[in-house]
Every structure is written in structure tokens, then in C-alpha cells.
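K.L.:
Everything below, folded, please.
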Amino acid sequence: MKLSEIAKILNAKILTCEDKADEIDIKIVGASDMMSDVLLIAKPGMLLITGLNSPQVIRTANIVGIPAVVVVRKNVVPSETIEAAKNFGIALLHSPIPMYVACGKLYEKKLKDVAGIIE
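P.N.:
Numbering: from 1, shown residues only. Modelled structure (predicted):
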């Protein structure tokens with residue numbers, strides 16, 4: 001699924017790399033607020049959904065090859081995080097919906113989790 005479609009589903013604003021939203025293809029989704037878990041579970045090309053809004057999220061995404069991050073809930077995304085995403089070329093989105101709902105909406109669209117499971 002293209003990132004631009006995911007943005008619509010999650011009512012998300014694309015903060016960086018908007019010009020690549022129709023090119024980034026997402027097949028796997030992971031969600032965590034613990035970046036140590038992301039380092040363990042991440043698959044290259046996956047979408048990360050998180051409630052964290054610090055630049056560390058972007059650095060972690062860069063290390064494991066995550067092309068796009070969605071910050072959920074009503075968190076404001078600091079300018080430092082947006083700048084880090086721009087510097088690393090990572091698409092950064094913000095959605096006001098809760099993490100659980102965001103995951104559910106993408107599960108309904110048959111996107112796989114990091115284990116590759118979808119029923």
C-alpha cells in the first residue's frame with residue numbers, strides 16, 4: 001500500500017518527504033513506543049507507528065531501514081524530529097488517532113505485522 005493511501009486512512013498529515021508518498025510502498029507495519037523493541041523487530045521497508053515524537057525515533061528508523069514513521073495521538077512533533085527526518089530522508093507523518101486504532105485500521109486493509117501474520 002502506498003504511503004499516501006496510509007496517510008488518508010489514518011487521517012495523517014505528511015510532515016516530510018511528501019513528494020515520495022506515492023512511491024513508498026508499505027507491506028509491513030510495526031508499532032512500539034520502545035525503540036529497543038523496534039531494533040529487535042524491525043524489517044526493512046516497514047512502517048513504524050509510535051507515540052514517541054523525539055529525534056531518537058528517526059535515528060532508530062534510519063538504523064533499521066524504516067522508510068516511514070507515523071507519530072500517533074495528540075502529540076506535537078518537535079521541529080528537531082522533523083529536521084532529523086528530513087536529514088535522513090525518512091517520511092514522517094502525524095496522526096491524531098490512538099495507536100490501537102491506527103493499527104486496527106491498517107490491519108483491516110490487510111497490511112501484515114512484522115511477523116508476516118494476517119488472518
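K.L.:
what are the phi and psi values for the most centrally placed residue in the chain?
P.N.:
What sits nearest the mean C-alpha location of the chain, by CA atoms, centre = their mean, is residue 69, with 2.4 Å. Main-chain dihedrals, residue 69, degrees, to the nearest 10: phi -130, psi 130.
K.L.:
tally of neighbours for the closest residue to it other than its chain neighbours?
P.N.:
Distances taken as CB to CB, 6 or more residues apart in numbering put residue 48 closest to residue 69, at 4.7 Å, once the chain neighbours are dropped. C-beta here means a position set from N, CA and C on the backbone, and glycine is covered the same way. Residue 48 has 27 neighbouring residues, counting by other CB atoms under 10 Å.
K.L.:
Contacts only, for residue 48.
P.N.:
30-32, 38, 42, 57, 61, 66, 68-70 (CB atoms under 8 Å, 6 or more residues apart in numbering).
K.L.:
next one: residue 55
P.N.:
Here residue 55 is in contact with 78, 80-81, 83-84 (CB under 8 Å, 6+ apart).
K.L.:
same thing with residue 82?
P.N.:
15-16, 92.
K.L.:
And it, how far from residue 6?
P.N.:
19 Å (CB to CB, to the nearest Å).
K.L.:
Name the strands paired with the host helix or strand of the residue nearest to residue 69 and say parallel or antiparallel.
P.N.:
Under the criterion of DSSP states H and E, residue 48 resides in strand 47-50. Strand pairing for strand 47-50, using DSSP bridges, gives strand 28-31 (parallel), strand 68-71 (parallel).
K.L.:
ok, and what's touching the last one?
P.N.:
In this case it means strand 68-71. 3, 6, 10, 12, 17, 24, 26, 47-53, 57-58, 61, 77, 81, 85, 90-95, 102.
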